[in-house]
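Engineer: The following comprises the amino acid sequence and a computationally predicted model.
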Amino acid sequence: MLAFALTWNLMNDNAPPMASKPPLNADPEELRKFGDLAHRWWDKTGEFAPLHAINPLRLDWIAERATLKGARVLDVGCGGGILTESMAARGADVTGIDLSEKPLSVASLHGLESGVKVRYEKIAAEDIAAREPGSFDIVTCMEMLEHVPDPAAVVQACATLVKPGGQVIFSTINRNPKAYLFAVIGAEYLLRLLPRGTHDYQRFITPSELTRHTRIAGLSMTAMMGLHFNPLTRRYWLAPNVDVNYMIATVRDAG
């Protein structure tokens, strides 16, 4: 028995160290924050009212650039499933992923109530990219990049997940004084459209930073559009100015 123990110890001493899994590309505080609000996700008058208001605009903008009917679609950072369900309702075969368990449970429950079929899974974009590379016709990642420690890694994962020639669409918030005034001070403190602390200004992403991430990931930008809000009329609309909220559409290079 002693000889066996000595041999085992020697073998272990000479064995290469086991590779450790990379840390999760997520902020636990962000996951907790959205998890605590999950029960309000489908309340169109609650904290997520802005998402409900802009959803028809972003859905139409996506549909103008990519054929949803019959497409296999992945929604990265799907939350409670507002966009996810609406793409499925237009005939797409949709999977929604997120790392916050409570919003995913709300999304699944709402799907049962609405009858709109969507698959939901708690998994990181990087992990599903390793498992299912080149599997989707369209990948969407909306209002998510500004909430993760390493947005470039998410962009790369989205590029890996889409088929060559497929579409990847992102939305996020620009980083400049105007964006801070509108998206943080205005939306969270003055108009109270969002809960205080929803956004961290330091994590906002300029269009030049995002397009650099997409180029490195092998994606070519095909369109960019700003999303705007009038606090007096409470109306949202799309326009070319990208000073605050914006979306970009990209295509994965065929090569």
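Structural biologist: Alright, I've got the coordinates.
Engineer: And the strands in the stretch 101-250 of the chain, which stretches?
Structural biologist: 119-122, 136-142, 162-173, 219-230, 235-239, 245-252 (DSSP state E, counting those that start in this stretch).
Engineer: Pick the most deeply packed of those.
Structural biologist: Counting by mean count of other CB atoms under 10 Å, strand 136-142 has the highest mean neighbour count of the strands of the stretch 101-250 of the chain, with a mean of 25. For every residue, glycine as well, the C-beta is placed using N, CA and C.
Engineer: That one packs against which elements?
Structural biologist: Counting by 3 or more CB pairs under 8 Å, 6 or more residues apart in numbering; DSSP states H and E, the packing neighbours recorded for strand 136-142 are helix 49-65, strand 72-76, helix 82-89, helix 151-161, strand 162-173.
Engineer: Which one of the ones you listed lies nearest to residue 183?
Structural biologist: Taking CB to CB, strand 162-173 is the member of the helices and strands packed on strand 136-142 nearest to residue 183, at 5.3 Å.
Engineer: Next, the angle helix 82-89 makes with the closest one.
Structural biologist: Between strand 162-173 and helix 82-89, the angle comes out at 140 degrees (axes from the mean of the first three to the mean of the last three CA atoms, to 10 degrees).
Engineer: mean confidence score for strand 162-173?
Structural biologist: What strand 162-173 shows for mean pLDDT is 98.
Engineer: One more: stretch 188-195?
Structural biologist: Per-residue pLDDT over stretch 188-195 has a mean of 85.
Engineer: which residues are contacting that stretch?
Structural biologist: If you take CB atoms under 8 Å, 6 or more residues apart in numbering as the criterion, stretch 188-195 is touched by 33, 37, 47, 49, 50, 186, 187, 196, 197, 198, 199, 231.
Engineer: could you dump those residues to a markdown table with distance to residue 117?
Structural biologist: A markdown table is the format used below for those (distance: CB to CB, whole Å):
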| residue | distance to residue 117 |
| --- | --- |
| 33 | 29 |
| 37 | 25 |
| 47 | 27 |
| 49 | 26 |
| 50 | 26 |
| 186 | 38 |
| 187 | 33 |
| 196 | 36 |
| 197 | 34 |
| 198 | 30 |
| 199 | 32 |
| 231 | 37 |
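Engineer: ok, so of the residues you listed, who is nearest residue 253?
Structural biologist: residue 199 (31.8 Å).
Engineer: was I right about that closest one contacting residue 146?
Structural biologist: Yes. Between residue 199 and residue 146 there is a contact under CB atoms under 8 Å: 6.6 Å.
Engineer: Can you check which residues contact both of these two?
Structural biologist: Residues touching both residue 199 and residue 146 by CB under 8 Å, 6+ apart: residue 173.
Engineer: Check the spacing between residue 232 and residue 177 real quick.
Structural biologist: Going from residue 232 to residue 177 by CB to CB, to the nearest Å gives 22 Å.
Engineer: More neighbours: those two, which one.
Structural biologist: residue 177 (9 against 5; other CB atoms under 10 Å).
Engineer: can you pull the pLDDT of residue 20?
Structural biologist: The model's pLDDT for residue 20 equals 54.
Engineer: Number the chain from 4, please
Structural biologist: Understood, numbering begins at 4; the last thing we discussed is residue 23.
Engineer: show me where pLDDT drops low in the stretch 4-153 of the chain?
Structural biologist: Where the stretch 4-153 of the chain drops to pLDDT under 70, the residues are 4-25.
Engineer: quick one, phi psi at residue 147?
Structural biologist: With angles defined as degrees, to the nearest 10, residue 147 sits at phi -130, psi -40.
Engineer: Isn't it up against residue 79?
Structural biologist: Yes. Assessed by CB under 8 Å, residue 147 is found in contact with residue 79 at 6.4 Å.
Engineer: Out of those two, name the residue with the larger neighbour count.
Structural biologist: Legend: neighbour count by other CB under 10 Å for residue 147 and residue 79, higher for residue 79 (27 against 21).
Engineer: How much space separates the nearest residue in space to the more buried one that is not next to it in sequence from residue 136?
Structural biologist: Excluding the flanking residues, the one nearest residue 79 by CB to CB, 6 or more residues apart in numbering is residue 144, at 4.2 Å. Relative to residue 136, residue 144 is positioned 16 Å away (CB to CB).
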